[in-house]
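Peer 1: below are the sequence and a predicted model for it; my questions follow.
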Amino acid sequence: MNSIIKIILGNMLITGAYAFITVPNGIVNGGITSFSMILSSVTGVDISIYTNCITILLLILCLIFLGKNYFAKSIVSSVCYMLFFSIFNGLNIEFIQLPILVDVLLASVLVGIGYYFCLSAKSSTVGFDVIALILHSKNENIQISKVMRYINFIVILFGLFSYGIYSVLFGILFTYIQTAVIHLLLEQSNFKVNVYQFIKRFREVF
């Protein structure tokens, strides 16, 4: 699949899950959108303004630490994120109310798949994954999914003061499932690459 298509599709999944599921249900999942939800609840400023400002800041960090290639693709990703979230968040569509656990499961899987599409395209979502990618670039033993999980947990704890214990508990569950999906998909991708390289070397030898 073309990397640009992966980035667009990934951001559609992520922002759709945020705008239609996590934000309306007050699920604090630890990402930029959740952090913006917390700031918005304190200041009254629209969520989209915070998400866009934080995205721009992380984009600068991406250029400095991850290089021009990641930066170029991340620009596409950030534009998609800001555009799709602003559109989806402004639609005010009311969906059929599902049990909260179903919402958490559905959103976490969608976001996990969305992140995988972007990461496998050698792009960040210009979210807190930028920090994880920077640390991974310095030390490959550091797992991207684990760093994202820890950062998300910190953001979720801040949400305790604004959204209460239930939102935080659901947020922890969301983050665990989301990062588990990312880890499984990335490992599967790495496994396929390793098998392909092994077969290629085997053919070269024989």
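Peer 2: Done, it's in. Numbers count the residues shown, from 1 in each chain.
Peer 1: the helix or strand where Gly112 lies: which residues count as buried?
Peer 2: Gly112 belongs to helix 100-120 when assigned by DSSP states H and E. For helix 100-120, a neighbour-count test (16 or more other CB atoms under 10 Å) marks 103-104, 107-120 as buried. Just so you know, the C-beta spots here come from the backbone N, C-alpha and C atoms, and that holds for glycine as well.
Peer 1: quick one: contacts of the next helix or strand after that helix?
Peer 2: Toward the C-terminus, helix 100-120 is succeeded by helix 129-138 as the next helix or strand (DSSP H and E). Applying CB atoms under 8 Å, 6 or more residues apart in numbering, the contact partners of helix 129-138 are 58, 61-62, 65-66, 70, 74, 115, 118-119, 124, 142-145, 147-148, 151.
Peer 1: and helix 129-138, what's its mean pLDDT?
Peer 2: Confidence over helix 129-138, taken as the mean pLDDT, stands at 90.
Peer 1: that helix: how far from the chain's middle?
Peer 2: The chain centre lies 13 Å from the centre of helix 129-138; the measure is CA atoms, centre = their mean, to the nearest Å.
Peer 1: repeat that for stretch 137-155.
Peer 2: Here the centre of stretch 137-155 is set off from its chain's centre by 12 Å, with CA atoms, centre = their mean.
Peer 1: if you count neighbours, what's buried in it?
Peer 2: Buried residues in stretch 137-155, counting neighbours by 16+ other CB under 10 Å, are found at Gln143, Ile144, Ser145, Val147, Met148, Arg149, Ile151, Asn152, Phe153, Val155.
Peer 1: residues touching the second one, list them.
Peer 2: Going back to what we said before, that points to Ile144. By CB under 8 Å, 6+ apart, the contact list for Ile144 reads Leu119, Asp129, Ala132, Leu133, His136, Ile182, Leu186.
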